[in-house]
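Student: With the sequence up front, the predicted model follows.
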Amino acid sequence: MLREKLQKLEASIAKDAYDLSAWQGLFAEAQKLSIAEAREYYEKFLVQFPTAARYWRLYIDHEKQNKNYAQVVELFQRCLIPCSDVALYKSYLQYMNETKKGDPTYRDEILKAYQFVVDQVGNDFSSTDIWKDYIEFLKREDPATTYEEGQKITDVRRASQLAVKVPKQSIDHIWRDYSEYEQSVNKTIAKKVMDDCSKSYMTARRVSRDIEHKFRDINRGQLARPPRGNKEENQQLRRWLSYIDWEKKNPMGYEGKETVNIITRVRYAYKLALLCLRHYERLWIDATSYLGDEAKLAQAAGDSNAAEQLESAATAMFEEACAFLPTSTLIAFAFADHSEMRGKQDQTNAIYERLLQRDDVDTTLVFVQYMRAARRTGGEKEFRSIFSRARQDRRCSHYVYIASALMELSGAKNAETVCQRVFELGLKKHPADPKYVLRYLEHLFNKTDQSNARVLFERVLEEMEPVTARPIWDRFHAFETLYGDLTQITTVETRQSEKYPEIYQAQPSRHLVGRFKFMDLLPCSEHALATMGLAHDPFLTGGGMLPSGAGGAKAKDSHADRGVEDDADADSTPFFLPDTSQLLPFRPNPESPAGLAYPETVLELLTQLPSPANYVSDKPRRLRVDALMREIQTRHIPVPSVAGSETAGALDVDSSRKRKRGDNSTDKVASTTVAAPADVYLSRQRQKLQQAL
């Protein structure tokens, strides 16, 4: 029975690698197995969720129950540093106390353990018990000499003062215990010692209340998985970011040398957030950017040691991020730039080479960024070497040719000639790619090379299939309207009509609108465009495909992707649409409800719309809302007058008689008419006005 449950849970995980309920169920069922059988499932879980501190503790407890102390030590070594979890560190301290008791080096070993734990999680808001245990451990020391007694007092005092200066739960308990200790040591100096650290304690106590409020709605035990965009995940991200920003504002009011504590607290806040949100690239980028900015500030202040430490911390965080998110090119590129800024070219190259060995990243973009970095650090020779490799890589698209050609423009000798050769080289490999051709044309337009542009137009239009050549034709038409004479313009329009008769013969005005428009200035109103069926034509309404205009980028890409699809059928709605596969088909009743009266305007509209029976089908149909609205806009719908209509006259039969309370005669008369008036209240007001006159 248990095996069947495990198999079902594993099947669910196979469908969704981050099915949290299935993973948690699998771990719970594995706890019922022997430790030898359970290890396999524990390891699978922790590979998927390496920062799940609670499950590390359960795994360790299972090993401890079976006295597998070697495995326990190994597990602690694997999980303590990555998981900044107070409960996990308390488990570690408990294990050290249990296993080292009776050992001659017991006290030294436990002291080192406490110091290690305090260094790792001493700033945690939940670390109160650890600090109290640490201080009590120091108090239990039995000094043999006066020097050792003085050393003990110093150690307890130092630990207590550190504890009360850091915001945490129940900080007042630690303060009370510390005050009693100072009184027991020396009542004469106790007040002065307590007064010296009273200000820091009061600040920490105030900030503790603020942190408690901020952590109230943060789920610190959330399992880390890729973002799915649900409301709860977005709320958690916003709360963590709010807390981190609050820590950056220095709520403790650190000044002078103590300002280093701001960085310590912010770094720890990022670490806590990344335990739950490790798949969020934004957090990794924010954290590394913060360290880099602080390193620059330290360097500007002349503190080169602090700057080096912060840069090293940023490097370590980048390495951790790249190891956890190996397919994130954003983080990898940022890491490469960070290494380049530090003068570590070998590390920069290693980052790009690692990405090129993967098949699950955009190889083209990697090569483009690699070429840019090589040009900055090694010059033309280096980046051309990278470009040569990109040309031989079958995974690369035409963008590497565009990037290389534009980079050549920064060269000193024959820059234009070399750039042109690279574009021609790419054209040989991608002759039928409209996106590449459009970029090549844009380059020729930018340097006003009209003759070569016309030659390129003719070359590619002869070779390309009509289904992919339409954006090139549109660009050709825009080019001639800007640079050609009227004969050349009409010649292009005639050739377009021959290539796409279903578009231009059905919409002869399209050529004229395209000829007379300039960028987003149109020769007619939007309503007029709608009557022509051109309201949603990307070439006409998207800024046009002008040779060097920025407005044409969106339109030309959409053309290239759609081919010769009718613009009127294109879904140009800029809003998120519902998942229609989850909707039930709409089945309206073809018959109008009995006795329901419609205004004359609505009746006129309904006579011109398709019958409701057309929408009754066994299969759900998608309603083309844009086409429907265009149809409604182009229809002439008469607006009936109120005063002179027969309906109003029927209603005015008994209007001269003043209505009494409870008299429904007017309503009865209205109910006998075929249709309700446009505005009964307005009709009555007019009658009263006439009577008054």
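Tutor: Right, received. Where do you want to start?

Student: And the average pLDDT for the helix or strand encompassing Lys192 is what?
Tutor: Assigned by DSSP states H and E, Lys192 belongs to helix 187-215. Mean per-residue pLDDT for helix 187-215: 93.

Student: ditto for stretch 303-321
Tutor: Regarding stretch 303-321, the rounded mean pLDDT is 95.

Student: Please renumber the chain so that the first residue is 41 from this point on.
Tutor: Taking 41 as the first residue, the last one we looked at is stretch 343-361.

Student: Can you point out the buried residues in that stretch?
Tutor: The neighbour-count check on stretch 343-361 (16 or more other Cβ atoms under 10 Å) flags 346-347, 349-351, 353-355, 357-358, 360-361 as buried. C-betas here are computed from N, CA, C, even on glycine.

Student: What of stretch 545-559?
Tutor: Buried residues in stretch 545-559, counted by 16+ other Cβ under 10 Å: 547, 550-551, 553-555, 557.

Student: ends of that stretch, how far apart?
Tutor: One end of stretch 545-559 sits 24 Å from the other (Cα to Cα, to the nearest Å).

Student: Let me know the average pLDDT across that stretch.
Tutor: 83.

Student: hmm, back to that, export the buried residues of stretch 343-361 to JSON lines and append columns for secondary structure and distance to Val233.
Tutor: JSON lines is the format used below for these (DSSP: H, G, I helix; E, B strand; the rest coil; distance: Cβ to Cβ, whole Å):
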{"residue": "Ala346", "secondary structure": "helix", "distance to Val233": "30"}
{"residue": "Ala347", "secondary structure": "helix", "distance to Val233": "36"}
{"residue": "Gln349", "secondary structure": "helix", "distance to Val233": "32"}
{"residue": "Leu350", "secondary structure": "helix", "distance to Val233": "34"}
{"residue": "Glu351", "secondary structure": "helix", "distance to Val233": "39"}
{"residue": "Ala353", "secondary structure": "helix", "distance to Val233": "35"}
{"residue": "Ala354", "secondary structure": "helix", "distance to Val233": "39"}
{"residue": "Thr355", "secondary structure": "helix", "distance to Val233": "42"}
{"residue": "Met357", "secondary structure": "helix", "distance to Val233": "39"}
{"residue": "Phe358", "secondary structure": "helix", "distance to Val233": "44"}
{"residue": "Glu360", "secondary structure": "helix", "distance to Val233": "41"}
{"residue": "Ala361", "secondary structure": "helix", "distance to Val233": "44"}
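
Student: Against which helices or strands is the next helix or strand after the helix holding Lys232 packed?
Tutor: Next helix or strand after helix 227-255 toward the C-terminus (DSSP H and E): helix 271-288. Here helix 271-288 touches helix 227-255, helix 300-316, helix 321-340, going by 3 or more Cβ pairs under 8 Å, 6 or more residues apart in numbering; DSSP states H and E.

Student: Could I get these in JSON lines, plus columns for distance to Val500 and mean neighbour count?
Tutor: Putting the helices and strands packed on helix 271-288 into JSON lines (distance: least, Cβ to Cβ, whole Å; neighbours: other Cβ atoms under 10 Å) gives the following:
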{"stretch": "helix 227-255", "distance to Val500": "60", "mean neighbour count": "14"}
{"stretch": "helix 300-316", "distance to Val500": "50", "mean neighbour count": "19"}
{"stretch": "helix 321-340", "distance to Val500": "39", "mean neighbour count": "18"}
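
Student: those helices in the stretch 91-240 of the chain, which residues are they?
Tutor: For the stretch 91-240 of the chain, the helices defined by DSSP state H, counting those that start in this stretch cover 93-105, 109-119, 126-140, 146-161, 168-179, 186-204, 211-225, 227-255.
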